[in-house]
Structures are given as C-alpha cells and as structure tokens.
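Enquirer: Quick one, fold the following:
(one chain, ligands or ions: 1)
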Amino acid sequence: MRALALTGGVGGAKLCFGLAQILEPDELRIVVNTGDDEEFHGLYVCPDLDTVMYTLAELSNPHTGWGIKNETFATLSALDRLGQETWFGLGDQDLATHIVRTQMLRQGNSLSEITEHFCRHLGLGHQIVPMSDDRIRTTVETDIGTLPFQTYFVRHRCEPTVTGLRFDGSDSSEVSPGFSESLESSDALIFCPSNPYLSVAPILSIPSVRKRIEDFKGPRLAVSPIVGGQALKGPAGKILAELGEDVSCIGVARQYVGLCDVFVIDELDRDLADDVRNLGMEAVVMNTIMNNNRDKVELARNLLQAVTEADVR
Ligand code: FO1
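Expert: This next block holds a predicted model:
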C-alpha cells in the first residue's frame, strides 16, 4: 500500500510518526502545510515541516510538540538585548535549521529540495514534502484586524475572534512535485488529525488540489482533531465556534464532505457516528488520543486497517 498523509503540525505529526513505524519509506509520503511559514530575523521558518521532521527524527520537544528537545534560547536572549522582537520562540538548535534553509533558498534550491536534504541528514527514510514550493501565507481576519498567521497564533495566543481566513499567494501557486506525483500514485489518502481551517484548508487552497482529491482513486480517510467537543490541541474548537460551526467532530466532518470516504471519530464520540454517516461518509470509531509512541503506532495500525477494509470507491 502506498499512503499519502496530509498534515499540519503537532497532532498530525504524531500520527505520521506512527505511520512511519509501520509503513516502509516507499509506502508513505507526508505532505505538509506551509501556510504557517514566516520570516523571523531574516530567516525562513517552516514550523509545520520542522515539527513533522523533528517528530519523525525523535528530536522534538515532548512538552510543546514543536521545537527541539533540551533546547536553549541564548540567541533569542541576545536578540532581545539588541532590541529585537522575540515573541516567536526560536531555540538555538532550531535556528540551525532556519539558517541552512535560508542559505539554500538563496542559492536557488526549492523548499522540496531543502526538505529532502534535511530528511537525509536527519536519517529519515520517509519522504516529507511541502504542499507547494511557492509561497502561500495563511492570513487570519479577526476582530482586531488582519493578522499574519504567526502573529495571530503565537503573539496574540489565538485570542482574537476569527472572522475569516485567507491563503495569500495560493491562486498563483502550484502543488509541489512530490505532492502532485503522490496524488496520482498513492492507493490511499489520510487527512491527519489536524486543524481543518488552519492546516488542511491551506493545502486545499492550491489550484487543482481539491478537484484531484475529489477524483482520487483510492479510499480517503480523515481523523477528527476534535474529541468530546474539544480540540486535542490548539484553537480548532474556538475557530469552529467563531465561524459558526458545531464544536464537535461533526463540525469537522462537514469540512470533509466530498473529500473523504471514511471519517474516524474517537470512542468518546461514538454517539455521533450516525450523524457522520448522514453526511455521506462511513464512520469508524477508535481511540484517537495519542499520549505516547505506543498510542501513535496503535492509531496508525487501526487506521491502515480501516483503509484496507474501506469498501467505498
Ligand atoms: N508556538 C508557540 O505557541 N510559541 C512559540 O514561540 C513557537 C515557536 C516556534 C518556533 C519554531 C517552530 O517550528 C514552531 C514554533 N511554534 C511556536 C509552533 C508554531 O507556531 C505552530 O505550531 C504552528 O505554526 C501551528 O501548526
């Protein structure tokens, strides 16, 4: 089986870790949201790509899910001393990634080539690819104005009320070569338990992607990041409410109508399985909460089983 996983940051990265323990490198390709990318101190930072890379390499900070474990912040303190804004917590080790990425971009390498370079040096066999090599910027429309994504997410701690989202640059963007190739050649597509508005919508905003997923030839499965009416991490619940959706796995499932055949909900939401089916998707119930590596592998195994059993297309 060749699976294509679409993911954002922390939650999706956990599932990708599980999938990578089961599937061989040529059986899994991970496509990552780059709408969160931003430049800080002249350096090009790709938070979701790095979160997925660090998680698969078992380098990630277990407390935050992003950044590197046992990190220090001496450079950030020095930047503060020089009067720079330091609300975005770039660690000393993490900075090395952004320095090399920025240098390689300036030398004319694409984000796909740079990510491949990082994966090789981190000893990762599985392919992690950006959704696009073009710049697409998630911009959040809020009650205090229009904010670049990281300004909304980190600087304002997701507190402003969201009224809309834009993915600037997407109209003239193209899917990355790795993404395009795997939309053709994969046997199954998995939407990881990522925020449908902040992580998945940017991927779907790239011209042709939505249509190619609608026409995808194999089973398409999505995992709800909302369990028991709450987001497992981050502002998904808050944004669903602010955009007038149900704060439940059903509110998430509605975003996947036409794009997904099997919608996976947690045991806690078992009672909502029929509501999922009423949206025209198969509902599968399993434990989706990943507290440790065993949970990640267990969820990946159960999802792959569900993919194998899916009899919908
Ligand atoms: N998230 C925070 O909440 N605060 C931070 O200071 C922060 C720094 C940071 C540095 C590098 C990196 O790769 C990610 C970082 N994140 C931080 C996470 C990031 O803002 C979000 O996880 C994603 O963009 C949302 O998926």
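Enquirer: Show me what from the stretch 151-300 of the chain comes close to the ligand.
Expert: Neighbours of the ligand within the stretch 151-300 of the chain, by C-beta under 6 Å from any ligand atom: 153, 154. Any C-beta I mention is one placed from the backbone N, CA and C, and that applies to glycine too.
Enquirer: low pLDDT regions in the stretch 151-300 of the chain?
Expert: By pLDDT under 70, the stretch 151-300 of the chain has no low-scoring segment.
Enquirer: Please tell me how far the nearest residue to residue 276 once chain neighbours are set aside sits from residue 249.
Expert: Among residues not flanking residue 276 along the chain, residue 283 sits closest, at 3.8 Å (C-beta to C-beta, 6 or more residues apart in numbering). Going from residue 283 to residue 249 by C-beta to C-beta, to the nearest Å gives 9 Å.
Enquirer: on that earlier part again, heading C-terminal from the helix or strand where the residue nearest to residue 276 lies, find the next helix or strand.
Expert: Taking DSSP states H and E as the definition, one finds residue 283 inside strand 282-286. Next in sequence after strand 282-286, counting helices and strands by DSSP H and E, comes helix 293-309.
Enquirer: Export only the CA atoms of that following helix, formatted as PDB.
Expert: Extracted C-alpha coordinates of helix 293-309, given in PDB (Å, rounded to 0.1, in the frame of the first residue of the first chain):
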ATOM      1  CA  ASN A 293       4.600   6.400  20.900                       C
ATOM      2  CA  ARG A 294       2.600   3.200  21.500                       C
ATOM      3  CA  ASP A 295      -0.700   5.100  21.000                       C
ATOM      4  CA  LYS A 296       0.700   6.700  17.800                       C
ATOM      5  CA  VAL A 297       1.600   3.300  16.300                       C
ATOM      6  CA  GLU A 298      -1.700   1.800  17.500                       C
ATOM      7  CA  LEU A 299      -3.800   4.500  15.900                       C
ATOM      8  CA  ALA A 300      -1.700   4.200  12.700                       C
ATOM      9  CA  ARG A 301      -2.300   0.500  12.600                       C
ATOM     10  CA  ASN A 302      -6.000   0.800  13.200                       C
ATOM     11  CA  LEU A 303      -6.300   3.500  10.500                       C
ATOM     12  CA  LEU A 304      -4.400   1.400   8.000                       C
ATOM     13  CA  GLN A 305      -6.800  -1.500   8.800                       C
ATOM     14  CA  ALA A 306      -9.800   0.800   8.300                       C
ATOM     15  CA  VAL A 307      -8.300   1.900   4.900                       C
ATOM     16  CA  THR A 308      -7.900  -1.700   3.900                       C
ATOM     17  CA  GLU A 309     -11.500  -2.500   4.900                       C
END
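Enquirer: What lies in contact with it?
Expert: Residues outside helix 293-309 that contact it (C-beta atoms under 8 Å, 6 or more residues apart in numbering): 1, 3, 14-15, 17-19, 21-23, 188, 190, 219, 221, 223, 262, 264, 284, 286-290.
Enquirer: the helices in this structure, which residues?
Expert: 10-22, 47-56, 74-81, 92-106, 111-121, 149-150, 177-185, 201-204, 209-214, 236-242, 249-255, 273-278, 293-309 (DSSP state H).
Enquirer: CSV please, covering the ones you listed and showing mean neighbour count.
Expert: CSV is the format used below for the helices of the chain (neighbours: other C-beta atoms under 10 Å):
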stretch, mean neighbour count
helix 10-22, 24
helix 47-56, 26
helix 74-81, 13
helix 92-106, 16
helix 111-121, 18
helix 149-150, 20
helix 177-185, 17
helix 201-204, 23
helix 209-214, 16
helix 236-242, 20
helix 249-255, 23
helix 273-278, 15
helix 293-309, 17
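Enquirer: Now render those helices as JSON lines, adding distance to residue 229.
Expert: Output for the helices of the chain, formatted as JSON lines (distance: least, C-beta to C-beta, whole Å):
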{"stretch": "helix 10-22", "distance to residue 229": "16"}
{"stretch": "helix 47-56", "distance to residue 229": "25"}
{"stretch": "helix 74-81", "distance to residue 229": "36"}
{"stretch": "helix 92-106", "distance to residue 229": "34"}
{"stretch": "helix 111-121", "distance to residue 229": "35"}
{"stretch": "helix 149-150", "distance to residue 229": "25"}
{"stretch": "helix 177-185", "distance to residue 229": "33"}
{"stretch": "helix 201-204", "distance to residue 229": "21"}
{"stretch": "helix 209-214", "distance to residue 229": "27"}
{"stretch": "helix 236-242", "distance to residue 229": "7"}
{"stretch": "helix 249-255", "distance to residue 229": "9"}
{"stretch": "helix 273-278", "distance to residue 229": "13"}
{"stretch": "helix 293-309", "distance to residue 229": "20"}
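Enquirer: Residue 158: neighbour count?
Expert: Per other C-beta atoms under 10 Å, the neighbour tally for residue 158 reads 16.
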